[in-house]
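Asks: Take a look and give me a structure for this.
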Amino acid sequence: MPNVILRKGIVISAPVDLVFDCVADPQQYARCQPSVVSLEFLATPERGDIRRGVGTRFRETRKCGKFHSTCELECTSYVKNEQLRMVRDANKRDVWDYLVTVEGRDDGASTFLVLEARAYSPLSKIATLLFGKCIRSELIGDMENVKRHCEREMKWRAEQHQQIQEGHVAWNRGDDVATLHVVPMGKLTTKNRDRSTGSSTYKSSTSTESVGQREARPAVTSTKKSSFTPAAA
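Replies: Numbers count the residues shown, from 1 in each chain. This next block holds a predicted model:
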């Protein structure tokens with residue numbers, strides 16, 4: 001009979017699809033967790049290299065104090081924007097079953113995590129109870145990190161929308177760093193934002209031209225003077 005290690009619910013002020021993408025994508029989830037030091041997908045000849053959805057297998061290494069802990073997880077159930085199940089079978093000693101459910105609500109997404117452990121032997125059951133406390137604490141921290149990541153992303157999107165209302169915006173977005181170029185009236189601002197920490201830096205240069213004047217300027221095709229001299233008739 002499974003032993004319920006953790007039942008934990010949390011409300012995240014973000015859309016369901018954003019929250020689900022964060023918990024369902026192993027790479028994105030790992031980027032939210034400071035304790036994760038490495039992530040390796042485990043491809044098989046039968047299923048190939050699956051990185052999301054049912055059949056996804058990966059090896060995750062975390063830093064636990066002065067030590068490192070490695071485990072292999074496999075996705076066994078996947079319903080987009082609703083439910084995700086990850087299972088860890090520790091060499092037939094015990095099974096850890098992670099079930100994540102995401103539901104929409106007026107103020108964001110309600111995320112619920114249930115962790116169950118099933119032991120193959122009495123000795124494994126004792127080990128499960130001992131490690132369960134540590135894993136419970138770690139998973140609660142994981143959920144808080146997911147909440148911070150998603151709400152920080154929503155804050156960045158709102159900030160970007162505000163800049164669009166104020167002027168012309170062009171942006172280049174990468175995995176960890178997003179660059180936002182804002183051109184309001186008479187000023188060019190470049191904003192670099194580290195999405196992993198939420199910190200921002202600005203560089204500005206002033207201009208006497210308005211956006212309309214800049215757009216109306218004729219294009220300069222060449223600035224090089226020709227050295228050709230026509231021959232005398």
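Asks: next one: phi and psi at the closest residue to residue 55 other than its chain neighbours?
Replies: Spatially, and ignoring its direct neighbours in sequence, residue 55 is nearest to residue 47 (4.9 Å; C-beta to C-beta, 6 or more residues apart in numbering). Every C-beta, even on glycine, is put in place using the N, C-alpha and C of the backbone. Dihedral pair for residue 47: phi -110, psi -10, per degrees, to the nearest 10.
Asks: Equivalent analysis for the one 3 residues further on, please.
Replies: Listed backbone geometry of residue 50 is phi -90, psi 130, with angles given as degrees, to the nearest 10.
Asks: burial count for the nearest residue to it once chain neighbours are set aside?
Replies: Distance criterion C-beta to C-beta, 6+ apart; nearest residue to residue 50, sequence neighbours excluded, is residue 56 at 4.8 Å. For residue 56, the neighbour count with other C-beta atoms under 10 Å is 21.
Asks: Is it correct that residue 56 is in contact with residue 41?
Replies: Yes: contact criterion C-beta atoms under 8 Å: residue 56 and residue 41 qualify, at 7.5 Å.
Asks: so what sits against both of these two?
Replies: 26, 50 (C-beta atoms under 8 Å, 6 or more residues apart in numbering).
Asks: For this structure, just list every one of the helices.
Replies: With DSSP state H, the ranges of helices along the chain come out as 16-24, 26-32, 122-166, 211-216.
Asks: Out of those helices, which one sits most buried?
Replies: helix 16-24 (a mean of 21; mean count of other C-beta atoms under 10 Å).
Asks: Low-confidence ranges, the protein, go.
Replies: 1-2, 90-93, 120, 123-124, 127-128, 130, 167-233 (pLDDT under 70).
Asks: and with 90 instead?
Replies: Confidence mapping of the chain against pLDDT under 90 gives the ranges 1-8, 43-51, 63-71, 88-97, 105-140, 157, 159-233.
Asks: those strands in it, which residues are they?
Replies: 3-12, 36-41, 57-64, 67-79, 83-89, 94-105, 108-119, 168-173, 177-183, 187-194, 200-206 (DSSP state E).
Asks: Hmm, residue 70 is touching residue 61, no?
Replies: Yes: with contacts counted by C-beta under 8 Å, residue 70 reaches residue 61, the gap being 4.6 Å.
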